[in-house]
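J.: build the 3D model from these lines:
(one chain, ligands or ions: 2)
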Amino acid sequence: MSRHRTSHALAILGPELHNKLPETKVLLVGAGGIGCELLKNIVLTGFGHITLLDLDTIDLSNLNRQFLFRKKDVKQSKAMIAAQTAAGFNPNVHIHPIHANIKEPQFDVRWFQGFDIVLNALDNLDARRHVNRMCMAAGVPLVESGTAGYLGQVQPLLKNRTECFDCLPKPTPKTFPVCTIRSTPSQAIHCIVWSKSYLLSQLFGEDEDSSGELDDAEKQGENAQEIATLRKEAQAFKAVRSALRSPQSSTSNGGDAARMAFRKVFNADIRNLLSMSDMWRSRAPPTPLDFDAIMDGTFSHKKTPANGVNGKEHAVNGKGNAHASGSKVAEELLHSSPNGDAPNTKGLKDQQVLSLKDNLELFTSSINRLATRLQAGEDTISFDKDDDDTLDFVTAASNLRSVAYGIEEKTRWEVKEMAGNIIPAIATTNAIVLGLIVLQALHFLRKSYKRLKNVHIQLKPSVPLSSISLSPPNSLCGICRDTYTILACDPERTTLGEVVSGILGGVERDVSIYEDKRVLSDPDWDDNNERTLASLNVTKGKFLTIVDEDGELGTIAVALCELPPNHPIDSLPCILPSPLPSPPRIVKPPPPAPPTPPRQTLKRRVPHDDDDEITEIEPNAKRVKISNGNTKIRPAETPLSSPSKRRKLEEDGLVLMESATDKPDDGVIEID
Ligand SMILES: Nc1ncnc2c1ncn2[C@@H]1O[C@H](COP(=O)(O)OP(=O)(O)OP(=O)(O)O)[C@@H](O)[C@H]1O
Ligand SMILES: [Zn+2]
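T.: Ligands and ions are numbered 1, 2, ... in the order given. The predicted structure is shown next:
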């Protein structure tokens, strides 16, 4: 490496750390907004061995902030192109690109142990949690990061020193009750979710009935009469679906299929709902829409407050809408402007609210475009924010529904953001975050653990960055408090019983064995002990967890890895870890004072995002068993000190009743 290239890094890092970097092995997971920038930085900082992994290909919409990609690279592997581009920044770097999902079994704990540090540049909780667990099992430091608009966060994580990514519960994503989406929307987002997730798939998705979803809604106690109406509605979609797939009716004369779809969802279905007068006692009833009246400008409806004419009857003649774009057709509004002139001076085309008539025209034209695609051979079409046809459809359909329900309409731009769950990614925020990632990574490599910090980028101009000292691990965490060990084995020839007695070193104790949420055995049920791991679908890359039923010892998590290639075929099919894992003794809380024992409170995962429910649990569990094929999901007498087990049950939505006299909450089904 030329002195010129490295002299600044040498001066800043000092010779010891600087000389270490060329040998440091880094795993960078994700080559998107943060990943591309981060790769550039670590290559320029002097890291010598970088494995870059991403499952995706480059999309046109990535180019505004993923600077390692060019237009010619669209549709190519992100990992490959990012590696090629960044390799040019430093001739001494070895970048190993992998186009794959980090959750694939070949990336097992052993593989993770081959790295000195892991840097996450991911965009979803599932992959983040997976990498967190692998790093906790492998004992490799991880720098976790994320950005959302102007906000960002960097969090260094290391087993036994810091909290892990799973030490604190994460908020569940927002969901809406079926009936709100399907019959009583009150906000624009309800109409957008309806268009994107329901209407688009009813018309252009797989031909499946939605009875499962409605069955679930019924079980959850949603209005039975309303559900019955929704079932009838679903049946009527069949005729519209076949019209869309027949060449004559979809494109002829303004689109018969589009008209049919319109009449069904914006007129007949709404009339149907109106006939259930009970539903509209305490809420404003919707207005059925009339295709021809909208087209000839004679349709009248109640305008929403946001449209400026609160509650007054309003004739839509194509000119009367305060912020509409006149009577120009939607295509012209949205897509055409050959000389670059906008047809209207009020902002960008996508940022204008369309008139009712324009929405209807956009609805028809987008349906025709989508129908043509089906007829040209596409099997199904689902929403993609970067697919103009689906975005136009969702914009138009959600706005028409909003008009029917007296809800404020949205621009195509707003619909794109809301339907795509997009918080705009800002290149500058990514750049700040990746700088912070490198700083935390350098602390790890120096082993300056005291200097590690959680850093947040915040919307406070006077204090744009806040840093917080790291918290110790949460003693109840079901991920980082487990004692991890590695077992190399051939799952086809190793039985569950052999693994358990081998790992426990022949010591007899009452344990339950899990793979993820499945119970494979417990002290009263050993049917699977003679079965091979492969027959139980426990293979490379998975974990077996051994939970002490007496709650005296911590949980052991056994990571399964492949046997070394030179392992003699006629020798034992598994190599036990040496030394064997020795989980810590659990310090039990002092027994509660009689006669009124204090109730221990544990938060559990709740079904609704804004529902901050607390489940109270008393000592001495009542036994609960649920059969699930050849394995069971079995909440049993779980001591409070067995967090991983409790967590698994809670993720299944099961509530442990710890006293035989305990009464379940309303709506909880008791299983004995
Ligand atoms: N399980 C996974 N394995 C490997 N890579 C993953 C996994 N999950 C997500 N990624 C990658 O993480 C990167 C995250 O980058 P980013 O947040 O910029 O998202 P993006 O998909 O590039 O952009 P946008 O979502 O805005 O279109 C993506 O390139 C994505 O492919
Ligand atoms: Zn943890």
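J.: what number of residues lie near Thr57?
T.: Here the neighbour count serves as a burial measure; for Thr57 (other Cβ atoms under 10 Å) it reads 16. All C-beta spots, glycine's among them, are computed from the backbone N, C-alpha and C.
J.: phi first, then psi, for it.
T.: Geometry field for Thr57 lists phi and psi as phi -110, psi 160, criterion degrees, to the nearest 10.
J.: use 13 as the first number for this chain going forward.
T.: Sure thing, new numbering starts at 13, so read that last one as Thr69.
J.: kindly report the residues of the stretch 163-312 of the chain close to ligand 2.
T.: Taking Cβ under 5 Å from the ion as the test, the list of the stretch 163-312 of the chain residues beside ligand 2 reads Cys176, Asp178, Cys179.
J.: hmm, try it at 6 Å
T.: Counting by Cβ under 6 Å from the ion, the residues of the stretch 163-312 of the chain lying close to ligand 2 are Glu175, Cys176, Asp178, Cys179.
J.: then the chain?
T.: If contact is defined as Cβ under 6 Å from the ion, the residues of the chain in contact with ligand 2 are Glu175, Cys176, Asp178, Cys179, Pro485, Asn486, Cys489, Ile491, Cys492.
J.: neighbours around the first one, how many?
T.: If you count neighbours by other Cβ under 10 Å, Glu175 ends up with 19.
J.: closest point of the stretch 13-162 of the chain to ligand 2, which residue?
T.: Using Cβ to the ion, the single residue of the stretch 13-162 of the chain nearest to ligand 2 is Met148, 7.1 Å away.
J.: helix or strand: which one has that residue?
T.: helix 137-150 (DSSP states H and E).
J.: that helix close to ligand 1?
T.: Yes - part of helix 137-150 sits close enough to ligand 1 to count as contact by Cβ under 6 Å from any ligand atom, namely Ala139.
J.: what is that helix packed up against?
T.: The contact analysis (3 or more Cβ pairs under 8 Å, 6 or more residues apart in numbering; DSSP states H and E) places helix 137-150 against helix 121-125, strand 129-132, strand 154-160, strand 163-169, strand 495-501.
J.: where in the chain is pLDDT low?
T.: Counting by pLDDT under 70, the chain has low-confidence residues at 13-15, 184-185, 220-226, 233-234, 245-246, 260-267, 314-360, 601, 605-684.
J.: wait, Leu285 touches Arg194, no?
T.: No - the criterion here is Cβ atoms under 8 Å, and Leu285 misses it with Arg194 at 9.3 Å.
J.: what about the nearest residue in space to Arg194 that is not next to it in sequence, helix or strand, and which?
T.: Taking Cβ to Cβ, 6 or more residues apart in numbering as the measure, Arg194 lies nearest to Leu242, with 5.4 Å between them; neighbours along the chain are not counted. Counting by DSSP H and E, the secondary-structure element that holds Leu242 is helix 236-256.
J.: pretty sure His468 sits in a strand.
T.: Yes - the assignment for His468 (DSSP: H, G, I helix; E, B strand; the rest coil) places it in a strand.
J.: how about the residues of the stretch 413-562 of the chain by ligand 1?
T.: Counting by Cβ under 6 Å from any ligand atom, the residues of the stretch 413-562 of the chain near ligand 1 are Ala437.
J.: how about the helices in the stretch 413-562 of the chain?
T.: Chain-ordered helices for the stretch 413-562 of the chain, with DSSP state H, counting those that start in this stretch as the definition, fall at 424-431, 439-458, 508-515.
J.: got it, and the stretch 163-312 of the chain?
T.: Secondary structure of the stretch 163-312 of the chain (DSSP H, counting those that start in this stretch): helices at 190-194, 200-205, 212-216, 223-231, 236-256, 259-263, 268-274, 281-286, 303-307.
J.: and this structure, which residues reach ligand 1?
T.: Listed as neighbours of ligand 1 in the chain under the rule Cβ under 6 Å from any ligand atom: 42-45, 47, 65-68, 71, 73-74, 90, 113-115, 134-136, 139, 437.
J.: among those, which lie within strands?
T.: Members of the residues of the chain next to ligand 1 lying in strands (criterion: DSSP state E): Leu65, Asp66.
J.: so where does the residue lying closest to Leu65 once chain neighbours are set aside fall, helix or strand?
T.: With Cβ to Cβ, 6+ apart as the measure, Ile110 is the residue that lies nearest to Leu65, at 4.4 Å, once sequence neighbours are left out. Under DSSP H and E, the secondary-structure element containing Ile110 is strand 106-111.
J.: mind listing what's buried in that strand?
T.: Ile107, Pro109, Ile110, His111 (16 or more other Cβ atoms under 10 Å).
J.: and stretch 206-225, by the same measure?
T.: Neighbour-count burial for stretch 206-225 [16+ other Cβ under 10 Å]: 206-217, 222.
J.: okay, that stretch in PDB with CA atoms only?
T.: Extracted in PDB, the C-alpha atoms of stretch 206-225 (Å, rounded to 0.1, in the frame of the first residue of the first chain):
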ATOM      1  CA  TRP A 206     -57.700  -1.800   1.200                       C
ATOM      2  CA  SER A 207     -56.600  -0.900  -2.400                       C
ATOM      3  CA  LYS A 208     -53.100  -2.400  -2.100                       C
ATOM      4  CA  SER A 209     -53.700  -5.500   0.000                       C
ATOM      5  CA  TYR A 210     -57.300  -6.400  -0.800                       C
ATOM      6  CA  LEU A 211     -58.600  -5.000  -4.100                       C
ATOM      7  CA  LEU A 212     -55.400  -5.300  -6.100                       C
ATOM      8  CA  SER A 213     -55.000  -8.900  -5.100                       C
ATOM      9  CA  GLN A 214     -58.700  -9.700  -5.600                       C
ATOM     10  CA  LEU A 215     -58.500  -8.500  -9.200                       C
ATOM     11  CA  PHE A 216     -54.900  -9.400 -10.100                       C
ATOM     12  CA  GLY A 217     -53.500 -11.700  -7.500                       C
ATOM     13  CA  GLU A 218     -53.800 -15.500  -7.100                       C
ATOM     14  CA  ASP A 219     -57.300 -16.900  -7.400                       C
ATOM     15  CA  GLU A 220     -57.800 -17.700  -3.700                       C
ATOM     16  CA  ASP A 221     -60.700 -17.200  -1.500                       C
ATOM     17  CA  SER A 222     -60.300 -14.900   1.500                       C
ATOM     18  CA  SER A 223     -62.300 -17.100   3.700                       C
ATOM     19  CA  GLY A 224     -59.300 -17.900   6.000                       C
ATOM     20  CA  GLU A 225     -58.900 -14.200   6.800                       C
END
